[in-house]
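J.: Give the three-dimensional model of this entry:
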Amino acid sequence: MMMEKVLVAKNINKYFMEPARFQVLKDISFDVNKGEFLSIVGKSGCGKSTLLYLLSTMDTDYEGKIEMKGTLLTGKTQNELAAFRNKNLGFVFQFHYLLPEFTALQNVMLPGLRLGEYSAKEVEERAYEKLSLLDMQDFALKKSSKLSGGQQQRVAIARALINDPAIIMGDEPTGNLDNTNSGIVFDIFKDLAASMGQTIIAVTHDADFAKRSDRIIEMSDGKIVSGV
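T.: Numbers count the residues shown, from 1 in each chain. Reported below is the predicted structural model:
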């Protein structure tokens, strides 16, 4: 059976210009299939977070090509990329970035309201669905500042899922959690990939997290050294 490629990165090179010209990514090429749970690992400074930033379309200053869902993203305008990102990408960071005075439900609804494809009522129903998926429905009306760290990260994952993205990108998604909550977040990601075909790309320093994912891409000195 042909696997559906959801992301193709081809010959990616990236330079930093300050304080002197320095090549941070060196001829990076790899594909990611739909429903794959991929971890990107490597020592600090190896270029993995820079790569994720490029894949997320936030940084467009690179050489090479990035395609997502069959759409060439390289060369698109910032407005085109913002629209694509809001519909097709969900983000989970080391810190949850929830609005503290908003409820869990309101935080999850925000990207859905911004997308504008559903009525406010429909977005609310979808947000409850995503919270239920993460066993957080009972906390929907609680202010996010009153939730524990692990609960806040689960709300952040629900928020990432609200627009049914092609890919969830995680930047150290367990980096701020204890072992128990790290395990819970990993199990959520694993289940999303296995049962819902959700594609996940996570940059991580967490060796246990990485080794339990479907595939590990290891980076060193701006290059991929294994996992392609």
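J.: Starting from residue 160, give me the distance back to residue 110.
T.: 11 Å (C-beta to C-beta, to the nearest Å). Glycine gets a C-beta too; all of them are placed from N, C-alpha and C.
J.: before we move on, what about residue 47?
T.: In terms of C-beta to C-beta, residue 47 sits 24 Å off from residue 160.
J.: Ok, residue 196 next?
T.: Counting by C-beta to C-beta - residue 196 and residue 160 are separated by 13 Å.
J.: How about residue 132?
T.: 15 Å.
J.: And residue 9, by the same measure?
T.: 21 Å.
J.: More neighbours: which of these two?
T.: Per other C-beta atoms under 10 Å, whichever of residue 9 and residue 160 has more neighbours is residue 160, with 25 against 22.
J.: Give me the nearest residue to that one, chain neighbours excluded.
T.: residue 90 (3.1 Å; C-beta to C-beta, 6 or more residues apart in numbering).
J.: The one you found contacts residue 169, doesn't it?
T.: Yes - between residue 90 and residue 169 there is a contact at 7.3 Å, judged by C-beta atoms under 8 Å.
J.: Now do the strands for the protein: every range, in order, please.
T.: 5-16, 22-33, 37-41, 63-68, 71-72, 89-93, 167-171, 199-203, 215-220, 223-226 (DSSP state E).
J.: And the pLDDT for residue 82?
T.: pLDDT, residue 82: 89.
J.: Could you check how far the residue most central in space within the chain is from residue 133?
T.: The residue lying closest to the centre of the chain (C-alpha atoms, centre = their mean) is residue 169, at 1.1 Å. The spacing between residue 169 and residue 133, counted by C-beta to C-beta, is 18 Å.
J.: Kind regards, and thank you for your time.
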